[in-house]
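**Q** Okay, sequence plus prediction incoming.
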Amino acid sequence: MNKLSAVVIVKNEERNLTRCLESLQFADEIIVVDTGSTDKTPIIARELGAKVYHIEWNGFGPAKKNAVDNATGEWILSIDADEEITPVLASEITKAIGSNQDFTGYYIPRKTNFLGRWINHSRWYPDYVLRLFRKDKGQFTDSLVHEKVILHGETGKFRNYIKHYSYPDTKTFFDKLDRYSTLSAQELLKKGRKFSVFALICKTVASFCRHYITGAGFLDGLEGFIIAVLSAYGVFIRYVKLYYLEKTSHKNESFAS
């Protein structure tokens with residue numbers, strides 16, 4: 001019988017963690033990697049049977065690689081603290097890893113709750129993410145943000161979705177936008193990407209169109225419009241931060257010389 005390890009990286013997630021870990025009780029083990037919580041997150045994790053490890057924060061990719069390295073199962077299920085595995089999805093996962101199929105990983109659809117409403121369009125659904133994979137066939141990249149699994153082998157798709165409670169209020173949205181846009185700008189600079197006014201304008205406009213028009217965000221009502229505007233704003237801020245990171249980098253180089 002294949003063993004399943006569920007892995008979660010966390011920091012100050014006491015509001016979400018109980019729901020998440022309770023939905024993972026079907027797994028053979030739960031690995032929680034804490035990156036500096038100052039609330040009751042580690043206590044909650046241990047009370048719900050998780051093995052807790054503590055590391056310094058150095059990006060999403062390295063943190064998730066650490067979680068996988070600590071897992072002992074043949075299969076890895078990577079879940080965020082603000083997500084929940086439904087009972088029907090748990091059954092689908094259990095059946096998949098117990099079968100003799102040739103798949104080494106599975107894409108799982110994800111449905112996001114935005115300010116109290118489940119979003120069915122806006123490029124937010126079905127939002128397939130590679131979250132279940134064989135440990136010996138896949139591993140996360142070292143990216144600071146938007147990390148992904150590099151997988152060797154064939155993949156399948158699940159029918160049932162992960163519930164994603166990412167944005168319960170506007171404060172949470174803007175806190176995440178600030179954090180992710182900073183990490184994204186740092187990642188762009190790290191990769192040698194250069195700021196340009198053309199990219200700032202075009203990618204911002206393209207983001208709105210991608211969510212609201214081609215992504216049918218207009219079918220999600222006012223929330224769909226808000227998502228499109230805020231997603232475009234997130235792209236705009238990312239390139240503004242890249243611009244100032246470049247200026248700071250150039251100043252430091254000038255001082256060094």
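**A** That came through, no problem.
**Q** Walking through the stretch 51-200 of the chain, point out its helices one by one.
**A** Secondary structure of the stretch 51-200 of the chain (DSSP state H, counting those that start in this stretch): helices at 60-70, 87-97, 170-190, 197-212.
**Q** ok, and what's touching the second one?
**A** When you say that, I think you mean helix 87-97. Helix 87-97 has contacts (C-beta atoms under 8 Å, 6 or more residues apart in numbering) with 2, 4, 23, 26, 74-75, 77, 85, 103, 106, 108, 132, 156, 158-162. Bear in mind the C-beta positions are built from the backbone N, C-alpha and C, glycine included.
**Q** Now list the buried members of the residues you listed.
**A** Buried positions within the contacts of helix 87-97, assessed by neighbour count (16 or more other C-beta atoms under 10 Å), are 4, 23, 74-75, 77, 85, 103, 106, 108, 132, 158, 161-162.
**Q** Where does pLDDT dip in the stretch 151-257 of the chain?
**A** 250-257 (pLDDT under 70).
**Q** With the stretch 1-150 of the chain instead?
**A** For the stretch 1-150 of the chain, the stretches with pLDDT under 70 are 1.
**Q** if you set the cut-off to 90 instead, what comes out?
**A** Low-confidence segments of the stretch 1-150 of the chain, defined by pLDDT under 90: 1-2, 99-102, 144-146.
**Q** And the strands in it?
**A** In the stretch 1-150 of the chain, the strands defined using DSSP state E, counting those that start in this stretch lie at 4-10, 29-34, 51-54, 75-78, 83-85, 103-108, 110-114, 117-118, 129-134, 138-140, 149-151.
**Q** Residue ranges of each domain in this protein, please.
**A** 4-166, 169-256 (automatic domain parsing).
**Q** longest helix of the protein?
**A** helix 221-256 (DSSP state H).
**Q** Report the angle between that one and helix 197-212.
**A** Angle of helix 221-256 versus helix 197-212, following axes from the mean of the first three to the mean of the last three C-alpha atoms, to 10 degrees, is 160 degrees.
**Q** From residue 218, how far out is the nearest residue to residue 234 once chain neighbours are set aside?
**A** Nearest residue to residue 234, sequence neighbours excluded (C-beta to C-beta, 6 or more residues apart in numbering): residue 177, at 5.0 Å. Applying C-beta to C-beta, to the nearest Å, the value for residue 177 to residue 218 is 22 Å.
**Q** Pick out whichever of these two has more residues nearby.
**A** More neighbours surround residue 177 than the other of residue 177 and residue 218, with 17 against 14 (other C-beta atoms under 10 Å).
**Q** OK, contacts around the more buried one?
**A** By C-beta under 8 Å, 6+ apart, the contact set of residue 177 is 230, 233, 234, 237.
**Q** hmm, back to that, for the buried ones among the contacts of helix 87-97, work out which two are farthest apart.
**A** Comparing all pairs in the buried ones among the contacts of helix 87-97 by C-beta to C-beta, the longest separation belongs to 74 and 161, at 24.0 Å.
**Q** what residues are up against the nearest residue to residue 38 once chain neighbours are set aside?
**A** Nearest residue to residue 38, sequence neighbours excluded (C-beta to C-beta, 6+ apart): residue 12, at 6.3 Å. The contact partners of residue 12, by C-beta under 8 Å, 6+ apart, come to 37, 38, 39, 41.
**Q** who wins for neighbours among those?
**A** Counting neighbours by other C-beta under 10 Å, residue 41 leads the contacts of residue 12 with 23 neighbours.
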